[in-house]
Structures are given as C-alpha cells and as structure tokens.
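Visitor: how would this look folded up:
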Amino acid sequence: MRRLHLVSLLAIAVALAGCGPPPAGGTPWPFAEDPNARLWGDGPYGLVLVTDSGREAASWDGLASTFAGEGMTVVALDAGSTAGRVLGAIQALQDAGIERVAVLAAGSGSVPAMEIGATWPGLVDQLILLSARGNVSRLGEFPKLFVASEGEGAAAEARRMADVAPGDWNALYLATGDASGQAILDGAGAEGAMEAIIVRLEERR
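Guide: Below is the predicted model of the structure:
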C-alpha cells in the first residue's frame, strides 16, 4: 500500500511537470501551503528540506538527488517558509504513506523547523540544522544534528545548542571554512558536512 501511494504521488508530480524525465531542480510538487515545493525520489523515509533565505527550492537539486539515491523521498520548500509550510510538507508525505519524516533546515529556514520540533515533536523523526540560532529548550527529545562552519559566528551557537538541547542523541559537526547556512553544503567543507548528514540520516533509517 505504501509503495502504491508513493507511485501515485510521483505520477502526479510527473504529470504536473509534463512529459519526459524530471527537470533539473527536482519535480514540481505543489501542495496547499507551498505551490513551489519540489520532489526527488520515492524511498520509504521522508526528508523535508527547509531552504535558506535568498534561495529557491530547486537550489537543493544535487544534494536532494543524493539523499534520494540513499532511499529517501525528499521534498524541498521555497525560501520564506513558515511553520505551516513545514507542517504541511510533513503531513503530505505521511498522507502518501511515509510514516517517518526528518527535517533538514538551513539558516533562516531553521526558525520554522524548530517551531515544528517544539510544537509537534511527534511528527519529527530527527532534525538537522545548519547555522541555526535560537532556543532549543522546547524541542522534543528526537535526535538532532547541529552543523556550522568553524569560521562562522554560528559555530559557538551550534556548540551551545548541541549541549543544551533535550534528548540523548544530539550531535555537533563543524565544517571547515566559514560558509554559513545552505552555503556550507556548497563550500570547502561541503563533502565532510554532507557525509556527516548522511551518516546521521542512515543511523535513524
């Protein structure tokens, strides 16, 4: 049943995109809260990508394709996402038969992601935050990975968050360089950061 739901989901997405293979930047996957969302993959584990300011959902293309290749169904939201959009994406994946959904948020996208993790912790299988800032004391006890570059101001904040966040399965990864937010996955420390993220996702899958 789950597979049929995923096949139907992808069939709708391909129909929306027109004939032929999905375009670069993923397949359009609009839902009520985010008409510009994009989709990659059809695996049994869900991943919602919350985009940094100044970027579009399609900017995740290469990374999202990598996650999809690891057996995940990946949805990227456009910049400026609200908690309602993140919640809508999680629920849309669950409606498609994907029971467990992780959230990976970058920069300003971390704000609505943390709001979901505090308000609806039971919906988040794990949370990965890039260059996040804020209060993590209200987050659920699900696993969390805090990522920042060694040379950015958010590095100290990432250390603090990893230390004080609820739960026993929290981790910190500091990438080389000084990139911030989603740019960490484009810069000098991209390979190591991506490997740390995939390892964490695989540990839960």
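
Visitor: Pretty sure W40 sits against G26.
Guide: Yes. Look at W40 against G26 with Cβ atoms under 8 Å: they come within range, at 4.8 Å. C-beta here means a position set from N, CA and C on the backbone, and glycine is covered the same way.

Visitor: tell me the secondary structure for I98?
Guide: Secondary structure assignment for I98 (DSSP: H, G, I helix; E, B strand; the rest coil): coil.

Visitor: Mutual contacts of W40 and G26, please.
Guide: D61, A64, V74, A76 (Cβ atoms under 8 Å, 6 or more residues apart in numbering).

Visitor: could those be laid out in CSV, adding neighbour count and secondary structure?
Guide: CSV is the format used below for the shared contacts of W40 and G26 (neighbours: other Cβ atoms under 10 Å; DSSP: H, G, I helix; E, B strand; the rest coil):
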residue, neighbour count, secondary structure
D61, 18, helix
A64, 25, helix
V74, 29, strand
A76, 31, strand
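
Visitor: Which residue ranges of the protein form strands?
Guide: Using DSSP state E, the strands of the chain run over residues 27-28, 38-40, 45-50, 72-77, 101-106, 127-130, 144-149, 170-175.

Visitor: so where's the chain shaky on pLDDT?
Guide: By pLDDT under 70, the low-scoring segments of the chain are 1-24.

Visitor: re earlier: now for the shared contacts of W40 and G26, which pair is the farthest apart?
Guide: With Cβ to Cβ as the measure, no two of these lie farther apart than D61 and V74, at 10.2 Å.

Visitor: so what sits against both of those two?
Guide: Common contacts of D61 and V74 (Cβ under 8 Å, 6+ apart): G26, W40.

Visitor: in stretch 118-130, what's buried?
Guide: Neighbour-count burial for stretch 118-130, counted by 16 or more other Cβ atoms under 10 Å, picks out A118, P121, L123, V124, D125, Q126, L127, I128, L129, L130.

Visitor: So what's the gap between it and the chain middle?
Guide: Here stretch 118-130 is found 10 Å from its chain centre; the criterion is Cα atoms, centre = their mean, to the nearest Å.
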